[in-house]
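S.K.: show me how the following folds:
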Amino acid sequence: MLESRITLADGAHKIVDNVVVAHGAAGGLLNILILLLLTSAILIVGIRTAERAIALLVLQSTILAAIATVVAVVSGTAEIYVSVVATLAVKAVLVPFMLFRVLRRVGSVETARMYLGARNATVVALGLVLLAYALISPTAIAGTLITGSYFPTSVALILVGGLVMVVRRKALIQVIGLIVIENGVYVASMATTHGLPPVVELGIAFDLFVTVLLLATLALRIGVSSETLDTSALRRLRG
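M.R.: This is a model prediction of the structure:
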């Protein structure tokens, strides 16, 4: 009896040790993915062409799906896979497809202009990331996959997405900035509750799809009427 108890105790300790190792490895992988997430957002700020910005959006959306997949595998929460599928379908496939389609319909080959230079805008984006990490104390929650970088990363993505919408003059890039902001909110939801309920996730994905569809249609109308996707050209419509 005593030997069986000892065997059970040893087995329990091994299981606990394996879980700790798994969480540690997953935490390290999540930190790498979060770093890549921030890098993609900063690159979008200073990218020269809309085509590359859309490609970076696909990369960022794939990284988000990878983060959700890691959390789903380690936590054993099957509902998170719904979020993974919705993220890939909407943000990595449907939205880029619409943006590329608008770009081809307009036939614009001009560079993605901005109110700041690419270098200055990138420096400002880096400053916003540092500001987010300075304002939000990186605090990990013991026993969970919520690493200390989740919340400041969420704030950083929201700030950088807002910067994209402010400094970029091309309508399609501004739409991408809006999606970057939504990605920041997604990271926050993943940190607080390991994702939202599937019905809510699907509702948000559908809402984002409809919003981007309307904005892409507006951008297409701007491009057709003014032969450019530069929103500053709308000033000519003043009476």
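S.K.: residue ranges with poor pLDDT in this protein?
M.R.: For the chain, residues meeting the criterion pLDDT under 70 lie at 1-27, 107-114, 138-148, 191-199, 219, 222-239.
S.K.: what segments of it are helices?
M.R.: 2-46, 50-75, 80-89, 95-106, 118-135, 150-167, 171-193, 198-226 (DSSP state H).
S.K.: export the ones you listed as CSV, with columns for mean neighbour count.
M.R.: Every residue, glycine included, has its C-beta placed from N, CA and C. Output for the helices of the chain, formatted as CSV (neighbours: other C-beta atoms under 10 Å):
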stretch, mean neighbour count
helix 2-46, 15
helix 50-75, 20
helix 80-89, 20
helix 95-106, 18
helix 118-135, 16
helix 150-167, 22
helix 171-193, 21
helix 198-226, 16
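S.K.: which residues are in contact with the residue nearest to residue 86 when sequence neighbours are not counted?
M.R.: Spatially, and ignoring its direct neighbours in sequence, residue 86 is nearest to residue 205 (4.1 Å; C-beta to C-beta, 6 or more residues apart in numbering). Shown in contact with residue 205 (C-beta atoms under 8 Å, 6 or more residues apart in numbering): 86, 87, 89, 90.
S.K.: and of those residues, the nearest to residue 101?
M.R.: Taking C-beta to C-beta as the measure, residue 90 is the one of those closest to residue 101, at 15.3 Å.
S.K.: next, count neighbours for the closest one.
M.R.: Residue 90 has 21 neighbouring residues, counting by other C-beta atoms under 10 Å.
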